[in-house]
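A.B. asks: okay, predicted coordinates and the sequence, questions at the end:
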Amino acid sequence: MEQLDSAGGHERIDREDLRVHNWRVGQLTRLGFSRSLAEAAADQVDWHQIAGLVHRGCPPWLALRIVS
């Protein structure tokens, strides 16, 4: 559900969404994803699940296929 505030409206929500997206991209790149793949997947998958698989030795590309 979209929320608006009197000071920023949609711009505040868009900035927050972008901040979260960029954070997710950073997490995925730290796990071994290329920047372009991390950008594409950031809002589509639960990076926690991917991280769990990668930390257990699963290659990032395979973790993405499993979670997707």
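C.D. replies: Thanks, I have it.
A.B. asks: can you give me how far the top helix by length along the chain is from the chain middle?
C.D. replies: The residue-count maximum for a helix in the chain (DSSP state H) belongs to helix 9-30. Centroid displacement of helix 9-30 relative to its chain, using CA atoms, centre = their mean, to the nearest Å, is 8 Å.
A.B. asks: so for that helix, what gets flagged as buried?
C.D. replies: Arg24, Val25, Gln27, Leu28, Thr29 (16 or more other CB atoms under 10 Å). For glycine as for every other residue, the C-beta is placed from the backbone atoms N, C-alpha and C.
A.B. asks: dump those residues into CSV; add pLDDT and distance to Leu18 as well.
C.D. replies: Below are the buried residues of helix 9-30 laid out as CSV (pLDDT from 0 to 100; distance: CB to CB, whole Å):
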residue, pLDDT, distance to Leu18
Arg24, 95, 11
Val25, 96, 10
Gln27, 95, 15
Leu28, 96, 16
Thr29, 96, 16
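A.B. asks: any idea which of these is closest to Ala41?
C.D. replies: Using CB to CB, Leu28 comes nearest to Ala41 of the buried residues of helix 9-30, at 6.3 Å.
A.B. asks: per-residue pLDDT, Gly52?
C.D. replies: On pLDDT, Gly52 comes in at 97.
A.B. asks: phi, psi of it?
C.D. replies: phi -60, psi -40 (degrees, to the nearest 10).
A.B. asks: go on, Val54?
C.D. replies: Torsion angles, degrees, to the nearest 10, at Val54: phi -60, psi -40.
A.B. asks: buried residues in the helix or strand just after the longest helix of the chain?
C.D. replies: Using DSSP states H and E, the next helix or strand after helix 9-30 towards the C-terminus is helix 35-41. By neighbour count, with 16+ other CB under 10 Å as the criterion, the buried positions of helix 35-41 are Leu37, Ala38, Glu39, Ala41.
A.B. asks: mind checking how far the second one is from Ile13?
C.D. replies: Think Ala38. 22 Å (CB to CB, to the nearest Å).
A.B. asks: quick one: residues contacting the closest residue to Ile50 other than its chain neighbours.
C.D. replies: The shortest distance from Ile50 to any non-neighbouring residue, by CB to CB, 6 or more residues apart in numbering, is to Ala63 (4.6 Å). By CB atoms under 8 Å, 6 or more residues apart in numbering, the contact set of Ala63 is Leu31, Gln49, Ile50, Leu53, Val54.
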